[in-house]
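Q: Just a sequence and a predicted model for now, questions to come.
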Amino acid sequence: MSLTVAMGLMSGTSMDGIDIAILRTDGVDRVEFGPAAFFPYDAEFRWKLAQSLETAKQIQHREERPGNLEALEREITERHADAIKSLLSKTSEHPELIGFHGQTVLHRPQNTLTVQLGDGELLAHLTGIPVVYDMRANDMAHGGQGAPLVPAYHAALARSKAAEWRDLYPVVFVNIGGISNITYVPTAGDPIAFDTGPGNALIDQWVAREGGVPFDDGGRIASEGGIIETAVERYLQNPFFARSGPKSLDRLDFTLDQLGALDLSDGARTLAAVSARSILKAVDHLPEKPKLWIICGGGRKNPNIVADLRVGAALQNAEVIVAEDAGWNGDFTEAEAWAYLAVRAAKGLPLTYPSTTGCRAPVSGGEFARP
Ligand SMILES: Nc1ncnc2c1ncn2[C@@H]1O[C@H](COP(=O)(O)OP(=O)(O)OP(=O)(O)O)[C@@H](O)[C@H]1O
Ligand SMILES: CC(=O)N[C@H]1[C@@H]2OC[C@@H](O2)[C@@H](O)[C@@H]1O[C@H](C)C(=O)O
């Protein structure tokens, strides 16, 4: 099958910036990695995005853009176009298709409502490249959670290692972004996936508020603190963790309120433990204990989270690796996934499955914009 050169764009719940990755893929099993880059948002823009979550609470229908959201959507789109131009100026690749995630500002699966700010038509116009966007909406229209969408790509990555990992199935991909999600890949059959709880978003909010820094670089702040078990328990009592999947979260579903008044480093360490233990709890909802855990996303750079995961996984006789150990770049897995999903969408292939989002049957999705 012929390969498409596709570019994926992810501006995730951490709101830290834009990840871009170029892939050559058939949207099925073949994946060849191209160049990738990260374009960080400045502090002022991160603040604007955080404020937009409050404004977005008024939205009743997906198309509504109250307050400054219309202007913000334009700015987000223009920033993506600038990032694309910057990456393309440094490579000879010519993407045929863009998969555009946009910025999630509201996610209420219980109301069949998910809103990503990002104007696909404008991006196609600004870049001259066809764009697939709004990839979550069709899943919701078919009874799904609208998230997570990355599992189809995780499953393709796992298939690419089928021979090497023969004795390690079932495997589980753990994406520690602003929110964390997992994809369980069995030896045969569809992947099982769901959001597991807070990833880095609460840690980012805590160290920004108490320490004036955007994230806990290398987990250094947390490494100086201790785990306050009573606070961890307050988080883990949330009924979300007792529910089995499919399930998904809005960025505001967990807040700093349960943390209480801690000092900076204890707070950061405690939130790292919340992140790891909520992932460990998720394994209770899987049909079998995975033998191999592959950690992707920014949270793999926080050694406190990874150490807690290793301890928990070892008790289940499982091995924990980071994406790089498998030869992948864990910073760009999601951006790559959006490139892969765009190609699947263009071919009408399913993006989601009943076992990943709860949709009634496997469904494709995405709106198409042509320059
Ligand atoms: N060097 C680092 N040390 C510690 N944490 C880091 C480091 N680099 C990134 N992070 C954390 O990772 C976060 C970004 O992760 P990622 O890019 O996976 O999130 P995202 O794109 O928002 O994804 P999602 O959509 O899954 O929420 C940052 O906000 C920060 O908390
Ligand atoms: C609604 C939304 O944007 N959800 C994100 C968020 O960030 C992580 C988790 O929550 C996941 O469900 C999803 O992103 C990933 C990339 C996904 O859809 O697979």
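A: Thanks, I have it. Ligands and ions are numbered 1, 2, ... in the order given.
Q: Just the CA atoms of stretch 20-35, as PDB, please.
A: Taking C-alpha atoms only, stretch 20-35 is exported to PDB below (Å, rounded to 0.1, in the frame of the first residue of the first chain):
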ATOM      1  CA  ILE A  20       4.600  18.700  15.300                       C
ATOM      2  CA  ALA A  21       5.700  15.400  13.700                       C
ATOM      3  CA  ILE A  22       5.900  14.200  10.100                       C
ATOM      4  CA  LEU A  23       5.200  10.500   9.300                       C
ATOM      5  CA  ARG A  24       5.100   8.400   6.200                       C
ATOM      6  CA  THR A  25       2.400   5.900   6.700                       C
ATOM      7  CA  ASP A  26      -0.300   3.800   5.100                       C
ATOM      8  CA  GLY A  27      -2.500   4.400   8.100                       C
ATOM      9  CA  VAL A  28      -2.400   0.700   8.900                       C
ATOM     10  CA  ASP A  29       0.900  -1.000   9.800                       C
ATOM     11  CA  ARG A  30       3.600   0.900   8.000                       C
ATOM     12  CA  VAL A  31       5.000   3.900   9.900                       C
ATOM     13  CA  GLU A  32       8.300   5.700   9.000                       C
ATOM     14  CA  PHE A  33       9.300   8.600  11.200                       C
ATOM     15  CA  GLY A  34      10.200  12.000   9.800                       C
ATOM     16  CA  PRO A  35      11.300  15.300  11.400                       C
END
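Q: Name the residues that touch that stretch?
A: 1-9, 36-39, 83-84, 87, 90-91, 93, 95, 156-157, 159-160, 328-329, 332, 335-336, 339-340, 343-344, 346-347, 349 (Cβ atoms under 8 Å, 6 or more residues apart in numbering). Any C-beta I mention is one placed from the backbone N, CA and C, and that applies to glycine too.
Q: ok, and does it reach over to ligand 2?
A: No: residues of stretch 20-35 contacting ligand 2 under Cβ under 6 Å from any ligand atom: none, with a closest distance of 12.7 Å.
Q: Quick check: pLDDT value at the residue lying closest to H285 once chain neighbours are set aside.
A: Of all residues beyond its chain neighbours, the one nearest H285 is S244 (4.2 Å), with distances taken as Cβ to Cβ, 6 or more residues apart in numbering. Confidence at S244, expressed as pLDDT, is 95.
Q: if I look at S244, how far off is L49?
A: Distance, S244 to L49, by Cβ to Cβ, to the nearest Å: 32 Å.
Q: So if I had to pick from the two, which one is more boxed in?
A: A count of neighbours by other Cβ atoms under 10 Å puts L49 above the other of S244 and L49, at 18 against 11.
Q: so that one makes contact with Y41?
A: Yes: L49 is within contact range of Y41, at 7.1 Å (criterion: Cβ atoms under 8 Å).
Q: anything in contact with each of those two?
A: M15.
Q: Tell me the confidence at S2?
A: Here the pLDDT value assigned to S2 is 89.
Q: what's around the closest residue to it other than its chain neighbours, how many residues?
A: Using Cβ to Cβ, 6+ apart and skipping the chain neighbours, the partner closest in space to S2 is D26 (6.9 Å). Counted by other Cβ under 10 Å, the residues lying close to D26 total 18.
Q: what does F241 give?
A: F241: 17 neighbours (other Cβ under 10 Å).
Q: secondary structure class for it?
A: Under DSSP: H, G, I helix; E, B strand; the rest coil, the three-state class of F241 is helix.
Q: ok, it to ligand 2 distance?
A: F241 sits at a distance of 15 Å from ligand 2 (criterion: Cβ to the nearest ligand atom, to the nearest Å).
Q: Let me see the contact set for the closest residue to that residue other than its chain neighbours.
A: Spatial nearest neighbour of F241, excluding adjacent residues (Cβ to Cβ, 6+ apart): K281 at 5.0 Å. Under the criterion of Cβ under 8 Å, 6+ apart, the contact list for K281 reads T196, G197, L236, F241.
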